[in-house]
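Engineer: would you be able to build a 3D model of this:
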Amino acid sequence: MDIDIITEDERWNSLGLDALAAKAFDAAAVHLGLAEDVEAVVLACDDERIAELNAEFRQKSAATNVLSWPSAERASFDPGGPPTPPDEPELGDIAISYDTCTREAREQNKRMDDHVTHLLVHGLLHLLGYDHENEKDAALMEGLEVEILGKLGLSDPYGVTGA
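Structural biologist: Next comes the predicted model:
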């Protein structure tokens, strides 16, 4: 999987985001049987930038941890159904905020790199058409996240905190 990381906030460099993204995306790609030539872009930013993006694209005037923009609509029409597999290499773009990730990791008593790995897997699944807009879709998406993170030796992000 080819990942292009655009670093707007230099604090991401100390975390080794390149390696975390490669590990997260490769594990997800293998688990989901994605073609090796798929591509995604990650914008590593701060709360100010992600709040601007959230306001522009989702009409929500607040920072968030991760945003995703799929290159194509892949969601299933059936709640809990699998999305349409990508038919092009470009999957889309993800933005992730250092400030929100740091705060959430601290509040949830999680290691920052584990939390970021989870959010990168989460963002990639959104690019692939998975969502959590209803209970069935959420169960499917969260189940995949738990399976992928488990293969990386990370605990269930939806279970007990303190991973």
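Engineer: please make it C-alpha for all contacts and neighbour counts, starting now.
Structural biologist: Noted.
Engineer: pick out the residue nearest the middle of the protein.
Structural biologist: G123 (2.1 Å; Cα atoms, centre = their mean).
Engineer: so what's that residue up against?
Structural biologist: 66-68, 94 (Cα atoms under 8 Å, 6 or more residues apart in numbering).
Engineer: would you say it is within a strand?
Structural biologist: No - read with DSSP: H, G, I helix; E, B strand; the rest coil, G123 is helix and lies in no strand.
Engineer: roughly how far does it sit from E90?
Structural biologist: G123 is 14 Å from E90, where distance means Cα to Cα, to the nearest Å.
Engineer: before we move on, what SS does the residue of the chain most remote from its centre have?
Structural biologist: Distance to the chain centre peaks in the chain at D78, reaching 22.4 Å (criterion: Cα atoms, centre = their mean). Recorded secondary structure, D78: coil (three-state DSSP).
Engineer: let's have the chain start at 176 instead
Structural biologist: Right, with 176 as the first residue, what we last looked at is D253.
Engineer: could you pull out the helices in the protein for me?
Structural biologist: For the chain, the helices defined by DSSP state H occupy 186-190, 192-207, 222-233, 273-282, 287-302, 310-326.
Engineer: what residues does the last one touch?
Structural biologist: I take that to be helix 310-326. Counting by Cα under 8 Å, 6+ apart, 202-203, 206, 254-256, 293, 296-297, 300, 305-307, 330-333 sit against helix 310-326.
Engineer: may I see the buried residues of that helix?
Structural biologist: 312-313, 315-317, 319-324 (16 or more other Cα atoms under 10 Å).
Engineer: about what we covered before: for the residue farthest from the centre of the chain, give its distance to L228.
Structural biologist: Counting by Cα to Cα, the gap from D253 to L228 is 29 Å.
Engineer: V217: which of the contacts of G298 is nearest?
Structural biologist: Minimum distance to V217 across the contacts of G298 is 4.7 Å, recorded for I269 (Cα to Cα).
Engineer: contact partners for that closest one?
Structural biologist: 215-218, 241-244, 298-299.
Engineer: ok, it to D262 distance?
Structural biologist: Relative to D262, and taking Cα to Cα, I269 is found at 19 Å.
Engineer: residue ranges with poor pLDDT in this structure?
Structural biologist: Applying pLDDT under 70 to the chain flags residues 335-338.
Engineer: which one (most neighbours) among the contacts of G298?
Structural biologist: Each of those was scored for neighbours by other Cα atoms under 10 Å, and L242 scores highest at 25 neighbours.
Engineer: grab the nearest non-local neighbour of it.
Structural biologist: A270 (5.2 Å; Cα to Cα, 6 or more residues apart in numbering).
Engineer: good, wrapping up.
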